[in-house]
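Novice: this one's sequence-less:
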């Protein structure tokens, strides 16, 4: 599947959503990995649980990015659109809420592309989602990505390499399990299983909590 096709497939633009009051102190948005059941996925749930324990009495809301998360990677565009819609809605309707963005595997790519400040070179089309306004980054405290597909993996999948937007780079951590072939040069495919990241989830939560 060509990289252009991955980014050109899209759904209609959704207007910002009204956010229910009261606004939470912290809003976590997490995109699950490929073939994980609807919701946060195992790594996402472990991350959210670990972060909640670190927040004390601060209120926290959680949103699971809505997208198919199948091996049909072009459908990841639905996740990018859903994530950016909710990020912008939160920034507009709950300006004091601090957001934490996260994802595992394909979800890490979805969330990473959501932060991009430019459409990848060579990608054209009226339906390509535009980058979020720069000021939205001020509302994001941390970006925590688990098992992010590296350039080798993205090339294998026929997708453009992931580029984190410069406004988010300093607040982003990418965690990779040892020998995980998706995010490292290793070849232990068992290292990319969701359960392999349960122990790393707390490291990501500590990073996010320190930035909140």
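Specialist: Great, that's in hand. It should be emphasised that the depicted structure is a prediction, and the values quoted were computed from it without experimental measurement.
Novice: can you show me the helices along this protein?
Specialist: In the chain, the helices defined using DSSP state H lie at 3-8, 41-54, 76-93, 106-114, 151-157, 166-169, 198-211.
Novice: and of these, who's closest to residue 130?
Specialist: Nearest of the helices of the chain to residue 130, taken as Cβ to Cβ: helix 76-93 at 8.8 Å. Heads up, the C-betas are built off the backbone N, CA and C, glycines and all.
Novice: picking that back up, pick the most buried one from the helices of the chain.
Specialist: helix 106-114 (a mean of 29; mean count of other Cβ atoms under 10 Å).
Novice: so what does it touch, helix or strand wise?
Specialist: Secondary structure elements in contact with helix 106-114, counted by 3 or more Cβ pairs under 8 Å, 6 or more residues apart in numbering; DSSP states H and E, are strand 26-31, helix 76-93, strand 98-104, strand 140-146.
Novice: rewinding a little: kindly reformat the helices of the chain as a markdown table and extend each row with mean pLDDT and distance to residue 185.
Specialist: What follows is the helices of the chain, written out as a markdown table (pLDDT from 0 to 100; distance: least, Cβ to Cβ, whole Å):
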| stretch | mean pLDDT | distance to residue 185 |
| --- | --- | --- |
| helix 3-8 | 36 | 22 |
| helix 41-54 | 96 | 21 |
| helix 76-93 | 94 | 24 |
| helix 106-114 | 95 | 17 |
| helix 151-157 | 90 | 8 |
| helix 166-169 | 97 | 22 |
| helix 198-211 | 96 | 18 |
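Novice: want to throw those into TSV with distance to residue 27?
Specialist: TSV is the format used below for those (distance: least, Cβ to Cβ, whole Å):
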stretch	distance to residue 27
helix 3-8	26
helix 41-54	11
helix 76-93	5
helix 106-114	14
helix 151-157	28
helix 166-169	16
helix 198-211	12
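Novice: tell me who's in contact with residue 24.
Specialist: By Cβ atoms under 8 Å, 6 or more residues apart in numbering, the contact list for residue 24 reads 59-61, 94, 97.
Novice: what values do phi and psi take at it?
Specialist: The phi/psi pair for residue 24 (degrees, to the nearest 10) reads phi -80, psi 160.
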